[in-house]
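Chemist: using only what follows, build the 3D model:
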Amino acid sequence: MSVLELNNISYGYIDGSQKRMILNNLSYTFEKGKFYSIFGPSGSGKTTLLSVAGGLEKSQEGEVKYEGTNISDLGLSKYRRNHISFVFQQFNLIPYLTALENVVNIMNITDNKLPKPYETTALNLLEKFGIVESKAKRSIHQLSGGEQQRVAIARGLATNVDLILTDEPTGNLDISTEKEIIKILKSLAEDFGKCVIAVSHSLAISESSDIHLELLDGKLYEIDR
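Modeler: Numbering: from 1, shown residues only. Here you go, the predicted model:
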């Protein structure tokens with residue numbers, strides 16, 4: 001089932017006297033129940049693509065649709081609040097909150113119905129990522145970079161949305177933890193019907209994804225492995 005449609009998306013910027021197109025009349029349809037990986041050279045526009053798909057940036061041409069409706073018609077803030085989760089390379093955690101509070105905070109913002117009490121749900125989710133209760137109640141700056149990445153991923157999954165956009169979700173994790181995170185992302189797609197899109201240089205993510213895409217010359221191409 002289609003969840004995200006990118007229709008003739010173009011996005012560029014002025015470089016000196018010329019306009020450089022990062023996304024060039026790009027079209028692709030993403031479906032629920034599938035785990036996608038997106039590769040591409042540095043500077044090819046992978047993060048820009050996620051930002052446009054997630055309503056953080058507006059495409060200069062074309063449209064983004066969520067379940068058949070233009071995200072501008074849904075309202076960009078409502079779209080981001082209720083329908084998608086981001087896990088970007090920068091953790092973007094609130095530094096003066098604990099790990100637990102960071103997760104509960106995002107659960108309080110969404111309009112989606114979630115299991116209560118939120119604190120218990122958040123603790124269980126964090127524990128799946130190796131953040132035990134004693135660490136969950138520590139402030140963010142007391143956690144290692146790898147632990148902060150796990151908190152960011154848990155926060156991204158806490159609102160029970162159907163579309164999960166990730167940028168290097170395992171970039172700061174060791175090999176063993178990377179395998180665990182990939183297993184969870186794959187399970188979210190295949191067992192729970194989510195659409196998971198991961199921009200990554202990780203070969204393990206590419207090999208585990210259902211569909212491998214490459215962003216080249218502003219367009220997405222499916223690559224056989």
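Chemist: now do the lengthiest helix in the chain: which elements does it pack against?
Modeler: Using DSSP state H, we find that the single longest helix of the chain is helix 175-190. When contacts are defined as 3 or more Cβ pairs under 8 Å, 6 or more residues apart in numbering; DSSP states H and E, helix 175-190 sits against strand 35-39, helix 145-157, strand 163-167, strand 195-199, helix 203-208. Just so you know, the C-beta spots here come from the backbone N, C-alpha and C atoms, and that holds for glycine as well.
Chemist: using TSV, lay out these together with distance to Gly45.
Modeler: Conversion of the helices and strands packed on helix 175-190 to TSV gives the following (distance: least, Cβ to Cβ, whole Å):
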stretch	distance to Gly45
strand 35-39	10
helix 145-157	22
strand 163-167	12
strand 195-199	10
helix 203-208	18
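Chemist: and the next element down the chain from the helix or strand that contains Tyr13?
Modeler: If you go by DSSP states H and E, Tyr13 is part of strand 2-15. Downstream of strand 2-15, the first helix or strand assigned by DSSP H and E is strand 18-31.
Chemist: I'd like the average pLDDT over that following strand.
Modeler: Averaged across strand 18-31, the pLDDT comes to 91.
Chemist: stretch 91-104 now?
Modeler: 92.
Chemist: how about the contacts made by Ile39?
Modeler: Check again: residue 39 is Phe, not Ile. Neighbour list for Phe39: 46, 199-201, 206, 212-215, 223 [criterion: Cβ atoms under 8 Å, 6 or more residues apart in numbering].
Chemist: name the stretch among the helices and strands packed on helix 175-190 that sits most buried.
Modeler: Highest mean neighbour count of the helices and strands packed on helix 175-190: strand 195-199, a mean of 26 (counted as mean count of other Cβ atoms under 10 Å).
Chemist: shaky segments in the chain?
Modeler: Applying pLDDT under 70 to the chain flags residues 89, 225.
Chemist: list the contacts for the spatially most central residue of it?
Modeler: For the chain, the residue nearest the mean C-alpha position is Leu165 (1.9 Å; Cα atoms, centre = their mean). Applying Cβ under 8 Å, 6+ apart to Leu165 gives the contacts 50, 53-54, 84-87, 197.
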